[in-house]
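Participant: Here's a sequence, model it:
(one chain, ligands or ions: 1)
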Amino acid sequence: MSARVERLRAELRDDSAVVATPRPRLSWTVVTDETGWRQAAAEVRSGAEEVRLDGDGSVLVDWPFPPLAAGESRDVSVRVTAESGTTTDWSETLAVEPGFVGAWTAEPVGLAEPAREAQPALLRRSFTLDRPVRRARLFYSALGAAEVEVNGSPVDDGVLAPGWTSYKDRLIHETVDVTSRIRRGENVIGAWLAGAWFTEKYGFQGFAKRVYGDQPALLAQLEIEYADGDSLTIVTDESWLATGDGPVVDSGIYAGEHYDARRFPAGWSEPGFDAGAWTAVTVIDAVVPVPEARIAPPVRRTEELAVRESWRSPSGALLLDFGQNLVGRLRIRVSGPAGTEIALKHAEVLENGELALRPLRLAAATDTYVLAGKHEEVWEPRFTFHGFRYVQIDGWPGELDPAAVTAVVLSSDNTRTGWFSSSHELLDRLHENVVWGMRGNFLSLPTDCPQRDERLGWTGDVQVFSPTASFLYDVDGFLASWLRDLALEQAHTKGLVPLVVPSVLDAMETGAVAAWGDAATVVPWVVYQRFGDVGVLRDQYPSMRAWVDAVLGETDGDGLWADRMQLGDWLDPSAPPDKPQQAKVDADIVATAYLARSLRIVSDAAAVLGDRDDSVRYSELADRSRDAFVAEYVTANGRMMSDAPTAYALALELDLVTDPAVRQRLSDRLADLVRANGYRIGTGFVGTPLVTDALTGGGHLYAASRLLLQTENPSWLYPVTHGATTVWERWDSLLEDGSVNPGEMTSFNHYALGAVADWLHRVVAGLAPAEPGYRKLRIAPRPLPGLDHAEARHDTPYGPASVAWRREGDTAVVTAEVPPNTTAVVDLGGEPFEVGSGRHEWTMDAASDEPAFGGPFDLDSPLSSVMDEPRAYRALLDAVGKHDPDRLATLRRDPVWTRGQTVRFALLFAPPALSDEVEQALSGVTSRD
Ligand code: RAM
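Facilitator: Model (predicted):
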C-alpha cells in the first residue's frame, strides 16, 4: 500500500501558484491504491514552519501561516496521515507567490493627441540599472488590452490581457516574474495597446455606443529589488513615450484588426531604439479603480487547427474550412510585394456556397494585413477574435499553400476536468459540440455567443450552463471572477441584476428578469456545490440576497412574481422566429418558479454561512412562493396551468411540488406531452436544461431517450446530423434546406441548449456530487434505452472519479472509481448504499421501459385537415376499447405524422401484445404497412 500527495494548489488557479489573496487556501489530492482511504491529519510545511491540521480537510484548506505580504513568496509542501495510520512523503513544493502589489501607484497613460477614436498605440519606457537585480515583478493592466514586452520579447503568453471586467468598478492586473529579462544597463519595457472591449460599441441595430471610453490606456508597475536590498519602482507616468503610427492601425472586437507591417518600428521595445519621433504620453484624466490581481486563468492560445479544405466558391472567392466552428483567429505565413493587402473574412457557416455573413449582423469580423514585403512574414492579429469555421481570403499574393494558414483557438485557460462518452456516435458528437461551445464562450467572461455584434455576459445563459461548465472544466476561479462583476453592477441598480454582466445595455434594462437575474443566486450555489468553495458563497452572499430582495420589491407580497416584463422560456421552438419570448409556458410560471428557487438557495447559503436568522427568514419566503406557485399553477390531478413541457419541468426540478403522488402525475403528463410532440423538443432556454431530468426522475427513461436521440427538428441531434460542430442558438439555426434561419438572432455557437450535458454526466452516466465539492459522490447511472454503454469521468477536487456502465442483456455492469478521502452513495435503482474510495463494480437492472408498439397504423379514412386528427384517434381508441377496455388506460399515441391526407399512428401499449380481436378491430379502421 502506498499513498502520495499530488496536485498541491493554492487558491483557485491550477495553472499558476500566483495568488490574489494574502491567505490563499490550499488544496491537494492523494493518490493511493488503498481502498477506503481517509485522511486523518495533514502537515503543511513552509521553510522551518510546520503546522499540523487534524481532520480530513484537503480542499480549499485555510492558509495556515501568517498572511503573505506583497513580494514575499513561500515554498509550501504537504504530507498527510491516513486513518489507517500510514503517512505519505512530503509533496513536491509549491512556490506560492503573491500576485498583488503593496501599493498601486501606476497611472493610466495613453496617446497625448490621438488622431481618431480608439486608436491603437505603442508605448515604451527605457530605464538604466546600475546594479544586479535579485527580483523583478511586473504588474500591468489596461483600459483596453495590452501585450507587454521587455527588451524585445513578450513577457507572458496571455491574450487580450487583462480581459473584460466591469471597468468602472473593477480592473484586473497581470503579475509577471521578469527577473530573468532584466539586466544591468539599459532596459526597455514596451506595450502594444488597443481598445478591445474597453472602446467597443455596445448595443444593437445602429444604436451601439461606447460605454467606457474613447481611447485605451496602459497601467504598468515594475517592482525591482536589487541584490543589495535596495528597490526601485517604475510606473506608467508622463515619462513614457508613445506613438499612434504603429502597425496596428485599427482594431475592434467586432470589426477585426487592420495591420500594416510597413509601419513596424523594428527594435521598438529594445534598448538603443531611436524613439525620436515618439511623443510623451498623457496621463488619462479618469477615475480608475485600483487594479486587483487576477483570480481566473488568463485567455491563452489553447490549440491550433490546420486547414481541412480549400476551394473556390461559386463567386470565385478563395475559401478555407477548418472543419470545426471555433473561436480565435488566424495566423498567416506569407511573402509578397510590399503594400499587398490581404483580407481575412470569417463566418460560421456557408450559404449558397458563400460565407454566411448576415448572422454576424454589424460585426465585420475582418482582419486585414498589409505586407512589408521583406521576407517571409508571420502575422496573427492581437486584439480581436472571431467565431468561425470558414474563412474567405482576398488578395493573397500568388497561390495559397493551405499550410500557411492556421486557426489559433483562444479561450480562458481553464483546466479540463470532465469527459463523457457513449455507444452513440451522434450523442458523443453533441457532447463534443458542447465542449467546443464552452471553449469559445468562456473567453475572459461567460458570453452568449462569440461571433456577432454581441458576445456579452448574458446572465441567463451562464445561469443554465454553469453546472455543465463546472463538470467540463475547473471554472471555480473563472466564475468567481465574473460573479464579482455581477455584484458590483448590482450596487448601481438597487440589487437588480443587469441582463448582461458587465452591464453595457442600459437601454434594455427594464427591471428584474427571471432566470437571467437568478444567475446571482444559482451560479454561486453551483460553484459551491461543484467545487466546495464556501469562499465564493461568502463573497457573493450580499449579492445573492440583494437580488431576491429586489425581486420581492417588484412583487405584491403574495409570493407570486407576475405581470412583469420577462424573457420567459426564451426560444421555445414554437415561438415565432422574431418573437423568441412567446413561449408555450406562461412567463409568470417561470418567474415564480425561479423566485422560489432563489429564495431557497439564499436560505441554504445562509445556513452554510452560519446566519440562522437569514436562513429561517428566506426559508419561510421560499415556502410562501412555493405554496403560491402550487396554488396558482398546479391542479390537484397533476396538470399545469400552462400544459407545456417547461411548466412541468420547472415544477419538478425546482422542487416546487413535493407530494410524491402529484410529482409522479406531473412527470407522467410530461412524458405524454413529449410523446405527443413526436419526441421533438418543445422547450426553450429555461425548460431545456430541466426536461430530461424531469423525465428520468419520474422513471420515464424511454421517453427521455427518444427525446435525447431524436434527429428530427427540433432536437439536440438535428444540428449534429446537419454538420454542427458547436451548439446552436436555435434548434434550427440552419433550416432543413440548408439555409440560415431568417431570425435576426441566429448564432451557431451558443451554449445554453447544451446544458443537457450536465444530465448526461449526472444521470445517464451517473456521476454527481452528493455533498459540496464531491466530498461525497452520488453514483446513480440510468442506462437509457438506445445506449449500450456510457461513461463519465471527472477530476473532482479530491481527484479523478468515474462511472461507466455497459449493457449486458437486461442488466448493466457498472464500474466506478471513487477518489481517496471521499465516499459515495450508490443508487442502482434499489435501496441506496454507501462505499469508500477505490474501484468498484456492480450489476444493475437495465431492462428497458420501452412500451411495445402496435402498428404503425394508417387510418383509412382520409382527413381533410389536421383538425380531424383527434376524431381519427378516437376511432382507433373505440376499436381497441370495445374489446380490451383495460388497455385504454395504458394506450398512448406515438409520433403522429401525416402522409398526404392519411394520418399514421403508432400505438404504444404495455405488454402483452394486442389480442387478435383488437388487431382485427384495428384493421377495420386502418391499413398496416
Ligand atoms: C440574446 C442573447 C442571449 C439571450 C438573450 C435574451 O440576444 O444571445 O442568448 O440570453 O438574447
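
Participant: Okay, and the nearest residue to Leu496 once chain neighbours are set aside sits in which element?
Facilitator: Ranked by Cβ to Cβ, 6 or more residues apart in numbering and with sequence neighbours excluded, the top spatial neighbour of Leu496 is Ala550, at 4.9 Å. From N, CA and C alone the C-beta is placed, and that goes for glycine too. Using DSSP states H and E, Ala550 sits in helix 534-553.

Participant: Run through who's touching the helix or strand hosting Asp428.
Facilitator: Counting by DSSP H and E, the element that carries Asp428 is helix 425-441. With contact meaning Cβ atoms under 8 Å, 6 or more residues apart in numbering, helix 425-441 is reached by 302, 324-327, 387, 409, 411, 420-422, 447-450, 465, 468-469, 472-473, 708-709, 711, 716-717, 719-721, 724-727, 749-751, 754, 757, 760, 787.

Participant: List the buried residues in that helix.
Facilitator: Using 16 or more other Cβ atoms under 10 Å as the test for burial, helix 425-441 gives 427-441.

Participant: for stretch 697-707, same thing?
Facilitator: Taking 16+ other Cβ under 10 Å as the criterion, stretch 697-707 shows Gly697, Gly698, Gly699, His700, Leu701, Tyr702, Ala703, Ala704, Ser705, Arg706, Leu707 as buried.

Participant: Find the pair from these with maximum spatial separation.
Facilitator: By the measure Cβ to Cβ, Gly697 and Arg706 form the most distant pair in these, at 16.5 Å.

Participant: returning to what we had before: quick one: buried residues of the helix or strand that the helix holding Ala550 is followed by?
Facilitator: The element immediately downstream of helix 534-553 (helix or strand, assigned by DSSP H and E) is helix 587-608. By neighbour count on 16+ other Cβ under 10 Å, the buried set for helix 587-608 is 587-606.

Participant: Please name the residues that touch Arg564.
Facilitator: Shown in contact with Arg564 (Cβ under 8 Å, 6+ apart): Gly511, Ala512, Glu554, Ala591.

Participant: In terms of helices and strands, where is the second one?
Facilitator: Okay, so that is Ala512. Applying DSSP H and E, one finds Ala512 in no helix or strand.

Participant: gap between it and the ligand?
Facilitator: 14 Å (Cβ to the nearest ligand atom, to the nearest Å).

Participant: correct me, but that residue touches Asp549?
Facilitator: No - assessed by Cβ atoms under 8 Å, Ala512 is found out of contact with Asp549, at 10.4 Å.

Participant: Just the closest of the buried residues of stretch 697-707 to Trp192, please.
Facilitator: When the buried residues of stretch 697-707 are compared against Trp192 (criterion: Cβ to Cβ), the nearest one is Leu707, at 49.7 Å.

Participant: Tell me the secondary structure at the closest one.
Facilitator: On the three-state scheme (DSSP: H, G, I helix; E, B strand; the rest coil), Leu707 is labelled helix.

Participant: and it, what does it touch?
Facilitator: Contacts of Leu707 by Cβ under 8 Å, 6+ apart are Val674, Tyr679, Arg680, Ile681, Val691, Thr692, Leu695, Ser715.

Participant: Now the second one: closest residue in space that isn't a chain neighbour?
Facilitator: In this case it means Tyr679. In this structure, Tyr679 finds its nearest non-sequential neighbour in Arg706, 3.9 Å apart by Cβ to Cβ, 6+ apart.

Participant: quick revisit: run the angle between the helix holding Ala550 and helix 587-608 for me.
Facilitator: Note on geometry: by axes from the mean of the first three to the mean of the last three Cα atoms, to 10 degrees, helix 534-553 and helix 587-608 are set 140 degrees apart in direction.

Participant: Return the set of buried residues in helix 534-553.
Facilitator: 534-537, 540-541, 543-548, 550-552.

Participant: tell me which strands and helices it is in contact with?
Facilitator: helix 476-490, helix 519-531, helix 587-608, helix 612-633 (3 or more Cβ pairs under 8 Å, 6 or more residues apart in numbering; DSSP states H and E).

Participant: Quick one: those as a markdown table, columns for distance to Thr87 and mean pLDDT too.
Facilitator: What follows is those, written out as a markdown table (distance: least, Cβ to Cβ, whole Å; pLDDT from 0 to 100):
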| stretch | distance to Thr87 | mean pLDDT |
| --- | --- | --- |
| helix 476-490 | 29 | 98 |
| helix 519-531 | 27 | 98 |
| helix 587-608 | 32 | 98 |
| helix 612-633 | 39 | 98 |
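
Participant: wait, which of those helices is closest to the ligand?
Facilitator: Judged by Cβ to the nearest ligand atom, the one of those that comes nearest to the ligand is helix 519-531, at 10.4 Å.

Participant: residues from the chain in reach of the ligand?
Facilitator: On the criterion Cβ under 6 Å from any ligand atom, the ligand has as its neighbours in the chain the residues Asp448, Cys449, Glu454, Trp458, Gly460, Asp461, Leu567, Trp570, Met745, His750.

Participant: which one in those residues is the model shakiest on?
Facilitator: The member of the residues of the chain next to the ligand with the lowest pLDDT is Met745, at 92.

Participant: my guess is that residue meets Gln581, correct?
Facilitator: No - between Met745 and Gln581 there is no contact under Cβ under 8 Å: 11.7 Å.

Participant: higher neighbour count, those two?
Facilitator: Using other Cβ atoms under 10 Å as the criterion, Met745 and Gln581 rank with Met745 on top: 20 against 15.

Participant: secondary structure element for the more buried one?
Facilitator: Counting by DSSP H and E, no helix or strand carries Met745.

Participant: With adjacent residues omitted, what lies nearest to it?
Facilitator: Met745 sits nearest to Glu729 (Cβ to Cβ, 6+ apart), 6.3 Å away.

Participant: which residues touch the helix holding Ala550?
Facilitator: Contacts of helix 534-553 (Cβ under 8 Å, 6+ apart): 25, 60, 476, 479-480, 483-484, 486-487, 490, 493-497, 512, 514, 517-518, 520-521, 524-525, 527-528, 561, 595, 598-599, 601-602, 605-606, 608-609, 614, 618, 621, 772.
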